[in-house]
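Visitor: No sequence on hand, only this structure:
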């Protein structure tokens, strides 16, 4: 009897000269594609706009959802942009957005980063839903960072945001408010808006959403998110995933061919499986609700996203204010979470005092926040959010949310009524 392990090792020793060029070519090919993408990114020019919304906006985040639906128009087209030549030879990198909410000096400020040639495109999309909005050209909003951080002046805490479950499950969105009376509606952004009032002029709380519009069948940028979501739907309804018979036969043939020197071929008997029809009445009300919401998410436009949040402060206030800032971050993230669907969890980016002293602001601004999109879509914590979920995370505070930074009027004390009897 031939030992399979010895047979494989003997094959590798005898034919290493044939396998080595293939390995070298694979390494060279990956390096070449990375180099071409780097050259393509260097040609891309980015701009920033600050968005200022007037007080008393009555529109709910559904208006912002329509904005995101229209911003999705730059999604890469599989027939033209995602061809083999574009991706492997030209190093094509799709255009993306960065949406920022920065709390500083008691106020919230909204920014958007985009490709420079899309400036008028972005403005008109916001004007269509918010005609009273004002735009201001801005530089990099993180230019306040010193050359090195942490240093004698600044310290920081940086987090990456992930999901509790697969991205087919939606987070809690603004749609839950539409079924409530107005006096019971609480904007999910209210905690952030109120918390910004406590952020001093020596602190910065930065919430960033990197978003790349993607199509349902995009494997390069989105990993075929609708197909992945449909597998979750099949799992919820108890439908077993069936493989194509032809692939099972090919797999079985290859397995028997490889094991032929060691045993006789073994062929499985094909049996016809009776298909059971799915009855939605078998699901509990909670399971039915989850199924409906997952299917609703799959039916909307998707963005391949990565979320980060950071707290910067000067040394004299960092230690004393850090805990309250982290509590604010956690409370804001909890507003978008539910136990039966999905929610956010925080991953610490690293110690505020890394081992290497050259932890520069360039590292923070480019690698952590504004680094090229292609680099973060390969990370484990990139996920799909649809237009409804993005509108929940990034929208102007609604009318019933007190504007951050508003002057608080002290409560006037009144003397007790003379009609109230006093005990002697």
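Guide: Happy to help now that I have it. Since we're looking at a predicted model, the values are computed, not measured. Numbers count the residues shown, from 1 in each chain.

Visitor: tell me what the one helix or strand residue 113 maps to is packed against?
Guide: For residue 113, the element it lies in under DSSP states H and E is strand 107-115. If you count contacts as 3 or more Cβ pairs under 8 Å, 6 or more residues apart in numbering; DSSP states H and E, strand 107-115 packs onto strand 46-52, strand 97-104, helix 190-196. C-beta: built from backbone N, CA, C; applies to glycine.

Visitor: can you tell me which of these the model trusts least?
Guide: Averaged per stretch, pLDDT over those is lowest on helix 190-196, reaching a mean of 78.

Visitor: between whatever helix or strand comes next after it and strand 97-104, what angle do the directions make?
Guide: Tracing the chain past helix 190-196, the next element assigned as helix or strand by DSSP H and E is strand 203-214. Orientation of strand 203-214 against strand 97-104 (axes from the mean of the first three to the mean of the last three Cα atoms, to 10 degrees) gives an angle of 170 degrees.

Visitor: Quick one: find the helix or strand in this protein with the lowest mean pLDDT.
Guide: One helix or strand of the chain scores below all others by mean pLDDT, DSSP states H and E: helix 361-362, with a mean of 38.

Visitor: so where do the strands sit in the stretch 51-200 of the chain?
Guide: Ranges of strands in the stretch 51-200 of the chain, per DSSP state E, counting those that start in this stretch, are 97-104, 107-115, 134-138, 154-163.

Visitor: Can you tell me the strand partners of the last one and which way each runs?
Guide: Using DSSP bridges, the strands paired with strand 154-163 in its sheet are strand 302-314 (antiparallel), strand 344-348 (antiparallel).

Visitor: quick one, domains of this protein?
Guide: Following automatic domain parsing, the chain resolves into domains at 1-43, 47-232+284-393.

Visitor: any idea how far residue 300 is from residue 79?
Guide: 22 Å (Cβ to Cβ, to the nearest Å).

Visitor: The two: which has the busier surroundings?
Guide: More crowded of residue 79 and residue 300, by other Cβ atoms under 10 Å: residue 300, with 17 against 6.

Visitor: what residues are up against the more buried one?
Guide: Under the criterion of Cβ atoms under 8 Å, 6 or more residues apart in numbering, the neighbours of residue 300 are 386, 387, 388.

Visitor: Residue 109 too?
Guide: By Cβ under 8 Å, 6+ apart, the contact list for residue 109 reads 50, 101, 102, 103, 141.

Visitor: wouldn't the last one be in contact with residue 51 here?
Guide: The reference is to residue 141. No - look at residue 141 against residue 51 with Cβ atoms under 8 Å: they stay out of range, at 11.7 Å.

Visitor: Mutual contacts of the two, please.
Guide: Shared contacts of residue 141 and residue 51, defined by Cβ under 8 Å, 6+ apart, comprise residue 111.

Visitor: what about residue 162, how many residues close to it?
Guide: 18.

Visitor: Residue 113 reaches residue 100, doesn't it?
Guide: Yes - because the distance of 7.4 Å satisfies Cβ under 8 Å, residue 113 is recorded as touching residue 100.

Visitor: Next up, phi/psi of the closest residue to residue 220 other than its chain neighbours, please.
Guide: Ranked by Cβ to Cβ, 6 or more residues apart in numbering and with sequence neighbours excluded, the top spatial neighbour of residue 220 is residue 82, at 5.8 Å. Main-chain dihedrals, residue 82, degrees, to the nearest 10: phi -100, psi 40.
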